[in-house]
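Peer 1: Starting from these lines, generate the structure:
(one chain, ligands or ions: 1)
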Amino acid sequence: MTPTAALVPQQRAEDGPPPAIVFHHATLAYGSATVLRDVHGTVPAGQATALVGPNGAGKSTLIKAALGLVTVAAGSVTVRGQRPAAARSRTAYVPQADTLDPEFPVTVGQVVLMGRYRAAGWLRRPGKRDRAIAADALDLVGLADRARDRFGTLSGGQRQRVLLARAIAQQADVLLLDEPFNGVDAVSRDALLGALRELLAGGAAVLVSTHDLSVAHALCRQVCLLNGRQYAFGPPERTLTADNLRCCYGAHVLEVDGSTFVAGM
Ligand SMILES: Nc1ncnc2c1ncn2[C@@H]1O[C@H](COP(=O)(O)OP(=O)(O)OP(=O)(O)O)[C@@H](O)[C@H]1O
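Peer 2: Just a heads-up that it's a prediction; the model follows:
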C-alpha cells in the first residue's frame, strides 16, 4: 500500500467517482482546544452532504477545515486529494448572509462579480466573459432582475441567494455552505434548493450545514451528525433516526405522527 493510500478510506470501483472531500479520522482544534473529534467519511462529487448538530456542535469548524482554516490535530482532511489550503481554487465558500454588512454600498451584480476576481486575477478588471458568467449565476438563483439593486435592499433570503450566486460564479467544483437556509423564506428556500440541485447535476460536491432536517432529507444523500464528535455519517434514513438525534441533541427530540423534530431548531 502506498503512503497516500494509507491516508484515505479505500474506495471501491462501484462507489462511483472519487470523493471530493475526505475526512479521515479528523480531529480539529483551535490552538490547544479540541472542538471536534474523529470525523470519518467522504463527500463524493455530484452529491450533497449535510452537517447536522446543535449550536456549537462543530459544523462551521468542519467547513473551515475543508477550507484549510482550522488545525487538523489528528487524522487528515483532503480536498480533491490535496491539502485543503492547496485546493482553494477548486473550492467556493458561502457564508451566512448576515455576516455581510447590508449597509456596504455595493450592487447585487457587483457582489456576484466578486466571484470572478480570483479567476480574472485581482489586478485585472473582470471582462465580458466574467460578466456573462456572473449574470448566468444570478439567473440560476432567480435574481437576474435585481442585478442593479443595492445588496442591502434585498431580503435576508435574497441576500443568501446572491452569496450562492457569487460562489457559483467561481465555477468551483466543491461548494461549502454555512447554514444557508437559516431564517430564509419559502421562495428563497426553493430557489436555493433548485440552484444547488443544478450544481449537483453538473457534478459539484456540496457540504452544507443546516439545522433543518427537511433540507437534509430533500437535498442530501448523506448526513454527518455531530456534536463535538461524529455520531453518524451516512444516508439520511440511517443517520437521522430518533435514537441518533436523541443521543446527539440530548432531550430536544420530538416524534410527531412518525416524523422526528428537533425542538427549537
Ligand atoms: N475561533 C475559535 N476559537 C476557539 N474556539 C472556537 C472558535 N470558533 C468556534 N469555536 C468553538 O468551537 C466549537 C464549535 O463551534 P462551531 O462554530 O463550529 O459550531 P456550529 O455547529 O457551527 O454552531 P452554530 O450552529 O451555533 O453555528 C464551539 O464550542 C465554539 O465555541
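Peer 1: For Phe233, list each beta-bridge partner.
Peer 2: Note on Phe233: beta-bridge partners by DSSP bridges are Cys224.
Peer 1: meant to ask about Ser209, not that
Peer 2: Beta-bridge partners, per DSSP bridges, of Ser209: Leu51, Asp178.
Peer 1: now swap in Phe23 and tell me
Peer 2: Under DSSP bridges, the beta-bridge partners of Phe23 are Gly41, Val77.
Peer 1: thought it was touching Thr42?
Peer 2: Yes: here Phe23 reaches Thr42: they are 7.3 Å apart, a contact under C-beta atoms under 8 Å. In short, each C-beta sits where N, CA and C put it, glycine included.
Peer 1: Arg118 contacts Gln170, correct?
Peer 2: Yes: between Arg118 and Gln170 there is a contact under C-beta under 8 Å: 6.7 Å.
Peer 1: measure stretch 84-98 end to end?
Peer 2: 25 Å (C-alpha to C-alpha, to the nearest Å).
Peer 1: Give me the mean pLDDT for that stretch.
Peer 2: Mean pLDDT, computed over stretch 84-98, is 90.
Peer 1: what ranges of the stretch 1-150 of the chain fall below the confidence cut-off?
Peer 2: 1-18, 120-123 (pLDDT under 70).
Peer 1: Please name the residues that touch Asn200.
Peer 2: Actually, residue 200 is Leu rather than Asn. Counting by C-beta atoms under 8 Å, 6 or more residues apart in numbering, Leu200 makes contact with 46-48, 206.
Peer 1: Would you mind listing what in the stretch 1-150 of the chain touches the ligand?
Peer 2: 30, 33, 35, 53, 55-61 (C-beta under 6 Å from any ligand atom).
Peer 1: Mind doing that once more with 8 Å?
Peer 2: Residues of the stretch 1-150 of the chain lying close to the ligand (C-beta under 8 Å from any ligand atom) are 30-31, 33, 35-36, 51, 53-64.
Peer 1: What about those residues, which are in helices?
Peer 2: Among those, the members falling in helices (DSSP state H) are 59-64.
Peer 1: just the helices in this structure please.
Peer 2: 3-7, 59-66, 108-113, 117-120, 128-140, 156-169, 186-201, 213-219, 236-239, 242-249.
Peer 1: which one of those helices lies closest to Arg88?
Peer 2: helix 117-120 (8.5 Å; C-beta to C-beta).
Peer 1: Pull the distance from the closest one to the chain's centre.
Peer 2: 21 Å (C-alpha atoms, centre = their mean, to the nearest Å).
Peer 1: same deal with stretch 25-32?
Peer 2: That offset, for stretch 25-32, works out to 19 Å (C-alpha atoms, centre = their mean).
Peer 1: from now on call the first residue 35
Peer 2: From this message on, residue numbering opens at 35, which makes the last subject stretch 59-66.
Peer 1: I'd like the distance between the closest residue to Ala60 other than its chain neighbours and Gln81.
Peer 2: Spatial nearest neighbour of Ala60, chain neighbours left out: Gly109 (4.1 Å); criterion: C-beta to C-beta, 6 or more residues apart in numbering. Distance, Gly109 to Gln81, using C-beta to C-beta, to the nearest Å: 22 Å.
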